[in-house]
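1. Here is my input; please provide its structure:
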Amino acid sequence: MEIQLFNEEDTEKVLDLCNNNMEFDSLSESLLREKVFDDPYYEKELNFIAREEGRLAGFLSGVTRETESERTGYVKLMAVHRQFRRRGIGKNLYEKLEGIYRVRGIKRVSIYDVPYNYFMPGIDPRYTPALAFFETMGFRRFSDTANLTADLTVQEFNTEAEETILAGKGIDIERAHSADRGEVLNFISANFPEWSYEVEKTFNLSPISLHIARYRGRVQAFSAYNCNNIGTGWFGPMGTHPNLRGKGAGSVLLKRCMQDIKEQGKEKGLERAVIPWVGPIRFYSYYVNAVVERVFWRYEKLL
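-> So this is what the prediction gives:
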């Protein structure tokens, strides 16, 4: 077995490896590039492939994030060819990454749930061999989360009547414009700093994939889409300032994004919007009939 750094020329083979050995997920080339090379903290030396008998047998992508309290290492993506499992390939790939993290003084490693840019927010437990592998490597399950989906084919998301009512209360809903960039990012930075990177990305798209609510002329709420897994119907993030909560703006912002995803996904045959890493299930269930589609277990290891 030989472990090498993952290079761009390996992209096509790694894409085939992932798509042929991840039963419940699929990647396009653009999506794989988004997850690896387009990560804001991409480091070539944290991405590896393994070759066995001259064939590509495994892939692992790592990345780090730094907060005020600590620096965390992540396993962002990982796949091992079925024919080469139980030969130590996954173990050697992971230990290579962990060794780098230990040298850097990183104290915690987490699986998949990478802030800003992620493919899935944890391990789908249907990937049972992956659960067993990471538990063997010393990881413990500490939480779980879910992805919801909203069926776009049986719903319309017209919000004109609701917006008229809100306007009478001094609340104006609109798609963000380029001129709003500074004000919006200041609002996000002050109230939802963990989402600054994702929201900033929306201004690079056409149309801008961000809707905002102004209360008495000031931005007080937002909802976005296409911040992660672009083009796959991925919703979020969204947030509302306490001043505006309970007034009905959040549901309108959500529906505006759903309508965008529906219209923009018609050419691709997109039938569902994904609402990932969900906390308030009731909110999405009530307003857009979203249902839990996938559950993810979250794992971490203290080094």
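2. So what are the structural domains in the chain, by residue number?
-> Domain segmentation of the chain under automatic domain parsing yields 2-143+298-302, 154-270.
3. Nearest to S285, out of those domains?
-> domain 154-270 (11.6 Å; Cβ to Cβ). In this view, the C-beta of every residue, glycine as well, is placed from N, C-alpha and C.
4. How far does that closest one stretch from one end to the other?
-> In domain 154-270, first residue to last residue: 13 Å (Cα to Cα, to the nearest Å).
5. need the helices for the chain, in chain order.
-> Counting by DSSP state H, the chain has helices at residues 11-21, 29-35, 89-103, 128-136, 160-167, 181-191, 196-202, 249-264, 281-288.
6. Would you format the ones you listed as a markdown table with distance to S209 and mean pLDDT included?
-> Shown next, in a markdown table, are the helices of the chain (distance: least, Cβ to Cβ, whole Å; pLDDT from 0 to 100):
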| stretch | distance to S209 | mean pLDDT |
| --- | --- | --- |
| helix 11-21 | 25 | 98 |
| helix 29-35 | 14 | 97 |
| helix 89-103 | 33 | 98 |
| helix 128-136 | 31 | 97 |
| helix 160-167 | 19 | 97 |
| helix 181-191 | 12 | 98 |
| helix 196-202 | 5 | 96 |
| helix 249-264 | 7 | 97 |
| helix 281-288 | 17 | 96 |
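7. Tabulate those helices in TSV, adding columns for distance to V219 and mean neighbour count.
-> Shown next, in TSV, are the helices of the chain (distance: least, Cβ to Cβ, whole Å; neighbours: other Cβ atoms under 10 Å):
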stretch	distance to V219	mean neighbour count
helix 11-21	39	16
helix 29-35	27	17
helix 89-103	38	18
helix 128-136	41	15
helix 160-167	14	13
helix 181-191	5	15
helix 196-202	11	19
helix 249-264	11	22
helix 281-288	21	16
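8. Same list (those helices) but as JSON lines, adding distance to L148.
-> Formatted as JSON lines, the helices of the chain follow (distance: least, Cβ to Cβ, whole Å):
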{"stretch": "helix 11-21", "distance to L148": "24"}
{"stretch": "helix 29-35", "distance to L148": "20"}
{"stretch": "helix 89-103", "distance to L148": "30"}
{"stretch": "helix 128-136", "distance to L148": "22"}
{"stretch": "helix 160-167", "distance to L148": "21"}
{"stretch": "helix 181-191", "distance to L148": "23"}
{"stretch": "helix 196-202", "distance to L148": "18"}
{"stretch": "helix 249-264", "distance to L148": "12"}
{"stretch": "helix 281-288", "distance to L148": "5"}
